[in-house]
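J.: Okay, sequence plus prediction incoming.
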Amino acid sequence: MFSIIAAIGKNNALGKNNDLIFHIKEDMKFFRATTVGHKVVMGRNTWQSLPKKLKGRENIVVSSNKIKGADKTISNLEAFIKDNLDTPEEIFIIGGGSIYEQFLPYAKNLYLTEVNASPEADIFFPRFDKKHYHRKTLQTGEQYDLTYKIIKYSK
């Protein structure tokens, strides 16, 4: 099963200049706790933006070229989706924008940290119809004058 995890602004802002917009401590803790022990799938730009490989997770990068340091490189996304769509294992999609867009129709869960801000961005989370999901608030908080909610959307 595919699950998406991201922090987004009210305007669906995800990132700018190949970096995260929001650096909220509790969101980072939630991301780590939720994804450790699982496969994480990301695009090449997301991989390159990481300071290092994500420990305790199988790092899978979508790219037409083999990615040094990644545990696995996927060049055929359609085949990967088909091969893993019905697996009971939760596989986390961690970015970027085009990877989220490609996996959104197949994701059973969306773990979204929704931040009450609309910052400038050059990468945005794809729009989705929330009425097709069950919504559960997992956590709320505030940091740096930003309020946020960690929401789990499930199909």
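T.: In hand now; what should we look at? Numbers count the residues shown, from 1 in each chain.

J.: hey, what's residue 15 bridged with?
T.: residue 20, residue 123 (DSSP bridges).

J.: Who are the contact partners of it?
T.: Applying CB atoms under 8 Å, 6 or more residues apart in numbering to residue 15 gives the contacts 21, 49, 95, 96, 97, 121, 122, 123. Placement of C-beta: from N, CA and C, glycine included.

J.: got these as a markdown table, with pLDDT and neighbour count columns?
T.: Supplementary listing: the contacts of residue 15 in a markdown table, determined by pLDDT from 0 to 100; neighbours: other CB atoms under 10 Å:
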| residue | pLDDT | neighbour count |
| --- | --- | --- |
| 21 | 90 | 19 |
| 49 | 92 | 16 |
| 95 | 93 | 23 |
| 96 | 91 | 23 |
| 97 | 94 | 20 |
| 121 | 95 | 18 |
| 122 | 94 | 12 |
| 123 | 94 | 21 |
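
J.: ok, those vs residue 2, which is closest?
T.: residue 95 (13.4 Å; CB to CB).

J.: Could you double-check that that closest one lies in contact with residue 14?
T.: Yes. Under the criterion of CB atoms under 8 Å, residue 95 makes contact with residue 14 at 7.0 Å.

J.: shared neighbours of those two, which are they?
T.: residue 6.

J.: follow-up on the earlier one: return the closest of the contacts of residue 15 with respect to residue 6.
T.: Of these, the one sitting nearest to residue 6 (CB to CB) turns out to be residue 95, at 6.5 Å.

J.: now the closest one, nearest residue through space, not along the chain?
T.: Closest residue to residue 95 apart from its sequence neighbours, by CB to CB, 6 or more residues apart in numbering: residue 46 at 4.2 Å.

J.: pLDDT score for the one you found?
T.: Residue 46 is assigned 95 on the pLDDT scale.

J.: Run through the neighbouring helices and strands of the strand or helix carrying it.
T.: In the assignment (DSSP states H and E), residue 46 maps to helix 44-49. Applying 3 or more CB pairs under 8 Å, 6 or more residues apart in numbering; DSSP states H and E, we find helix 44-49 packed against strand 58-62.
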